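Trainee: got a sequence here, can you model it:
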Amino acid sequence: MPHALTGETGALLRQHALFTSQDIEEIRARVGAALNEHCLQPSGSSLAARFYGIEANALSVCLLEYGDAVTVETQPAQDFLLVQTALSGRVGITCREGHWTVRPGCTAWFCRRMCHFGWIGRRGPLR
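Mentor: Next comes the predicted model:
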């Protein structure tokens, strides 16, 4: 059931596009403004991001597709709880408590931590 749930979630969120960009600085700024300040480093020379989201009161549910492998380092936040799941591929998460790999059907959550994320394994380029 986890894969069906994540597939349905992705399809729902893709109906609520917030932005699409190939400009690394714009992606960094817009994702930082919406979620949390961070450092973004693509694995290649280009990036094609799509950001989708729904808000209800203080809760935001977002889907972020980078189109290629990236590394993200977040800054600590006082009022930010991150619940991380992968709809496809995997994300490696490292913070002071340890290292985890999140795959489809798995979830990790973090509060007020500086974390390092490495997204890998998107199926094909974004169009």
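Trainee: quick one, what contacts the nearest residue to W100 once chain neighbours are set aside?
Mentor: Among residues not flanking W100 along the chain, I93 sits closest, at 5.0 Å (Cβ to Cβ, 6 or more residues apart in numbering). Bear in mind the C-beta positions are built from the backbone N, C-alpha and C, glycine included. I93 makes contact with Q84, H99, W100, T101, V102, A108, F110, C115, H116, F117, according to Cβ atoms under 8 Å, 6 or more residues apart in numbering.
Trainee: I93: which element?
Mentor: Using DSSP states H and E, I93 maps to strand 90-95.
Trainee: out of the contacts of I93, which end up buried?
Mentor: By neighbour count, with 16 or more other Cβ atoms under 10 Å, the contacts of I93 hold V102, A108, F110, C115, F117 as buried.
Trainee: quick check: the third one touching G98?
Mentor: Put plainly, it is F110. No - counting by Cβ atoms under 8 Å, F110 stays clear of G98, with 11.4 Å between them.
Trainee: how far away is the residue nearest to W100 from T85?
Mentor: I93 sits 11 Å away from T85, going by Cβ to Cβ, to the nearest Å.
Trainee: which stretches of the chain form helices?
Mentor: 2-13, 24-34 (DSSP state H).
Trainee: deepest of these, which one?
Mentor: The highest mean neighbour count among those, using mean count of other Cβ atoms under 10 Å, belongs to helix 24-34: a mean of 15.
Trainee: give me the mean pLDDT for it.
Mentor: What helix 24-34 shows for mean pLDDT is 88.
Trainee: next: stretch 98-109.
Mentor: 84.
Trainee: then stretch 51-60?
Mentor: The average pLDDT within stretch 51-60 is 87.
Trainee: list the buried ones in it?
Mentor: Neighbour-count burial for stretch 51-60 [16+ other Cβ under 10 Å]: F51, Y52, G53.
Trainee: any common contacting residues for I93 and T85?
Mentor: Both I93 and T85 are in contact with V102, A108, where contact means Cβ under 8 Å, 6+ apart.
Trainee: spatially central residue in the chain, please.
Mentor: With distances taken as Cα atoms, centre = their mean, L64 lies nearest the centre of the chain, 4.6 Å away.
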